[in-house]
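Colleague: coords below, sequence missing:
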């Protein structure tokens, strides 16, 4: 056999092997996260832990990984509550920043001291200060937006309905209850109900409480499901817009409390008049763009305007 012909045939065989090997290699998804996450500042959500919608009131969804040799069982400390958690960070991983080794050592010493004294104050204070510094350094953006919204909505829940969850409960009438939490990724208020049929008074109240938002009803697919309402606000693109969205949420939720639970509203109003609204984000120093967007008003004549 001529040398050139055999070489060409071998090359053809190699090409065919490479052609078929690539799809087979791509079939190995999902894989395993082999990245050591110790010292990472990560953002976690419902996909990483089993908890009530909206999470716990003390948590902010931003955590420091204290032991991340295995991403599927990473030991983290929430930078809002200062509490240890074990999370599965093998998927949908968002790493916002990293801390230095001395910072990790200091946090580890605080964890040890907390376990000995049962006093979580020092650990919680340091953790939240660390979280604030990281958010201020990273700034407001698509990755940090859910955390900023969660911190702001946490204040609203503490003012209106303080309990262990980051949600607000409304009694709409005898046997009628709804619970609202915030979808931090979509900037949408989610009203969970136990109804199988549309609730006219609730729909009317949502339309009046949130006139500038999009109100949607999600009908149940199965008999065991219930109706869910979502109030969608525009996704904020700046820190200022995020705070404005939270003001609209607070105003609408207060309006609903005044409508359905006037006695409860009067007691809450008395407390807020005395101590004021919580606004943790008001103490953040987040750099904003010097360029300010100006919304253009539509002409009444629309496209018929002649220049």
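Modeller: All right, it came through fine. Predicted model only: the values in this text are computed from it and were never measured. Numbering: from 1, shown residues only.
Colleague: what's the one helix or strand residue 249 maps to packed up against?
Modeller: Assessed by DSSP states H and E, residue 249 sits inside helix 239-260. With contacts defined as 3 or more Cβ pairs under 8 Å, 6 or more residues apart in numbering; DSSP states H and E, helix 239-260 has these neighbours: helix 145-160, strand 168-173, strand 188-192, helix 200-209, helix 262-275. To be clear about C-beta, it is placed using only N, CA and C from the backbone, and glycine gets the same treatment.
Colleague: take those and write them to CSV, including mean pLDDT.
Modeller: Conversion of these to CSV gives the following (pLDDT from 0 to 100):
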stretch, mean pLDDT
helix 145-160, 96
strand 168-173, 93
strand 188-192, 96
helix 200-209, 94
helix 262-275, 93
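Colleague: for the helix holding residue 249, buried residues please.
Modeller: 239, 241-243, 245-246, 248-250, 252-254, 256-257, 259-260 (16 or more other Cβ atoms under 10 Å).
Colleague: that older thread, out of the helices and strands packed on helix 239-260, the one nearest residue 231 is which?
Modeller: strand 188-192 (4.2 Å; Cβ to Cβ).
Colleague: what's the closest one packed up against?
Modeller: Strand 188-192 packs on strand 176-183, strand 228-232, helix 239-260, going by 3+ Cβ pairs under 8 Å, 6+ apart.
Colleague: where does the protein have low pLDDT?
Modeller: 1-33, 47-52, 290, 299-307 (pLDDT under 70).
Colleague: give me the domain ranges for it.
Modeller: Domains of the chain are assigned by automatic domain parsing as 40-138, 148-283.
Colleague: can I get those in CSV with distance to residue 296?
Modeller: Formatted as CSV, the domains of the chain follow (distance: least, Cβ to Cβ, whole Å):
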stretch, distance to residue 296
domain 40-138, 31
domain 148-283, 16
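Colleague: mind checking which of those domains is nearest residue 295?
Modeller: domain 148-283 (11.4 Å).
Colleague: ramachandran angles for residue 64?
Modeller: For residue 64, the backbone dihedrals (degrees, to the nearest 10) come out as phi -100, psi 130.
Colleague: beta partners for residue 181?
Modeller: Legend: beta-bridge partners of residue 181 under DSSP bridges are residue 190.
Colleague: actually residue 97, not the one I typed
Modeller: residue 41.
Colleague: residues near it, how many?
Modeller: Neighbour count for residue 97, taken as other Cβ atoms under 10 Å: 15.
Colleague: contacts only, for it.
Modeller: 40-41, 134, 137-138 (Cβ atoms under 8 Å, 6 or more residues apart in numbering).
Colleague: just flag the most distant two among those residues.
Modeller: Taking Cβ to Cβ, no two of these sit farther apart than 40 and 137, at 14.9 Å.
Colleague: looking at the two, which is more packed in?
Modeller: Neighbour count, other Cβ under 10 Å: between residue 40 and residue 137, residue 40 has more, with 23 against 11.
Colleague: so what's the more buried one up against?
Modeller: 64-65, 68, 95, 97-98 are the contacts of residue 40 under Cβ under 8 Å, 6+ apart.
Colleague: please apply the same query to residue 195.
Modeller: 176, 226-227 are the contacts of residue 195 under Cβ under 8 Å, 6+ apart.
Colleague: distance between stretch 206-224 and the chain's centre?
Modeller: 20 Å (Cα atoms, centre = their mean, to the nearest Å).
Colleague: before we move on, what SS does residue 38 have?
Modeller: coil (DSSP: H, G, I helix; E, B strand; the rest coil).
Colleague: so what's the residue count around it?
Modeller: Around residue 38 there are 16 residues (other Cβ under 10 Å).
Colleague: I'd guessed it sits against residue 64; true?
Modeller: No - if you go by Cβ atoms under 8 Å, residue 38 and residue 64 don't touch, sitting 9.5 Å apart.
Colleague: common neighbours of these two, please.
Modeller: With Cβ under 8 Å, 6+ apart, residue 38 and residue 64 have common neighbours residue 104.
Colleague: appreciated, that's everything.
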